[in-house]
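*Asks:* Predicted structure and sequence below. I'll ask about it afterward.
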Amino acid sequence: MTTSPRPHTAPVRVGTRRSLLATTQAGHVAQMIREQLGRETVMVEVTTDGDRSQAEGTPLAGGSSTGVFVSALRDALLRGEVDVAVHSLKDVPTYGAEGIALAAVPLREDPRDVLVARDGLTLGELPVGAVVGTGSPRRAAQLHALGLGLEVVGIRGNVGTRIDKIRDGECDAVVLARAGLARIDRLAEVTEVLDPLQMLPAPGQGALAIECRSDDELVAALAALEHPPTRAAVETERAVLATLEGGCSAPIGALAEVVEGEDGDELWVRAVALSHDGALAVRMSATGTPSDAVGVGTRLGAEMLTDGAGQLGQPGPAATTGADKVREA
């Protein structure tokens, strides 16, 4: 869909969901547009199906938020109601959308998960039978895999609502993304930052996606907001996810980073696919170059499928629980 061009001097309309976290993230992007592009901005709030579902307390379709919080913002872009849409990258589907460009991925926040627990407890200090809340099958499976005897329960709602469940006595602890708490200035409530060796984050966690219409002059301008190492890392993680999604319904975690090596920048990625009860898992890691980010992630995902990841989300005999594997990819 082609929209009429807007004057270069017109404010850039930044579309966002209405939650505190979403508007904070969009406000951060709006500030970057003003400071780095010299363009004025105006915020435009868009209600998504995911927001309505949360407000009504009804389950998300398919039990996953992937894409649910994105489609309404993309529709607003294509209708010409907003010029830029800001998403949490982990919510963005791995397949593209016609007429939409992922124009920039800025510098990523810390992608790790965190624990917020009563009495300042850490994960290892929670007693057997303690109730830990999470809305993520990935987090739930990895909590089960730790073998701590915790009762993991599903919870819904925004960050504040989830933390309130501790105060109200519904949970002893909740697991959340550190990036979200950092962006709304609630890191003081974190009782432990979880090591990725214990819990790999969701692909793209901590990163923002800045989208616009693919025929808009903003595509080129927004490239100034790009952080290339972050883009390489999240493209690797999303390639792992995209490959596994083709033959795997198991919870998936992945984390990639670009590090300085003797012969230039190197890309490292770790990934896990687990049975929902955490009893079985395929864990692998790979290395490569940032310029081959998608290739590294695709090959790692394919290797995990070969090793049995595709069986983990299915009933009946599942895959190997073998030790972590490292391969060049």
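*Replies:* Yes, it's here.
*Asks:* hey, where'd the strands end up in the stretch 101-250 of the chain?
*Replies:* 113-117, 131-134, 151-154, 173-177, 192-193, 208-213 (DSSP state E, counting those that start in this stretch).
*Asks:* Okay, buried residues for the third one please.
*Replies:* Neighbour counts over strand 151-154 (16 or more other CB atoms under 10 Å) mark Val152 as buried. Placement of C-beta: from N, CA and C, glycine included.
*Asks:* Relative to that strand, what are the paired strands and their orientations?
*Replies:* Sheet partners assigned to strand 151-154 using DSSP bridges are listed as strand 131-134 (parallel).
*Asks:* pLDDT (mean, whole number) over the strand it pairs with?
*Replies:* Here strand 131-134 scores 98 as its mean pLDDT.
*Asks:* just the CA coordinates of it, formatted as PDB?
*Replies:* Presented in PDB, the C-alpha positions along strand 131-134 are these (Å, rounded to 0.1, in the frame of the first residue of the first chain):
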ATOM      1  CA  VAL A 131       5.400 -20.500  43.700                       C
ATOM      2  CA  VAL A 132       7.100 -18.800  40.800                       C
ATOM      3  CA  GLY A 133       5.000 -17.000  38.200                       C
ATOM      4  CA  THR A 134       5.800 -16.500  34.600                       C
END
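*Asks:* Which parts of this structure belong to which domain?
*Replies:* 12-106+207-226, 113-193, 232-328 (automatic domain parsing).
*Asks:* State the mean pLDDT of stretch 10-23.
*Replies:* Per-residue scores along stretch 10-23 average to 94.
*Asks:* Touching that stretch from outside, list them.
*Replies:* The contact list for stretch 10-23 (CB atoms under 8 Å, 6 or more residues apart in numbering) reads 25-26, 29-30, 33, 37, 39-48, 50-51, 69, 73, 76-77, 81-86, 88, 158-160, 180, 183-184, 218.
*Asks:* Among those residues, which lie within helices?
*Replies:* Here DSSP state H is the test, and the contacts of stretch 10-23 give 25-26, 29-30, 50-51, 73, 76-77, 159-160, 180, 183, 218 as lying in helices.
*Asks:* If any of those residues are buried, put those into a ChimeraX selection.
*Replies:* For the buried members of those, the matching ChimeraX selection, counting by 16+ other CB under 10 Å, is:
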select :25,26,29,30,50,51,73,76,77,159,180,183,218
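*Asks:* Which two of the ones in helices among the contacts of stretch 10-23 have the greatest separation?
*Replies:* Greatest spatial distance in the ones in helices among the contacts of stretch 10-23: Gly160 and Leu218, 32.7 Å, computed using CB to CB.
*Asks:* Which one, of the strands of the stretch 101-250 of the chain, ends up nearest to Pro201?
*Replies:* strand 113-117 (5.8 Å).
*Asks:* Parallel or antiparallel, list what pairs with that closest one.
*Replies:* Counting by DSSP bridges, strand 113-117 is paired with strand 173-177 (antiparallel), strand 192-193 (antiparallel).
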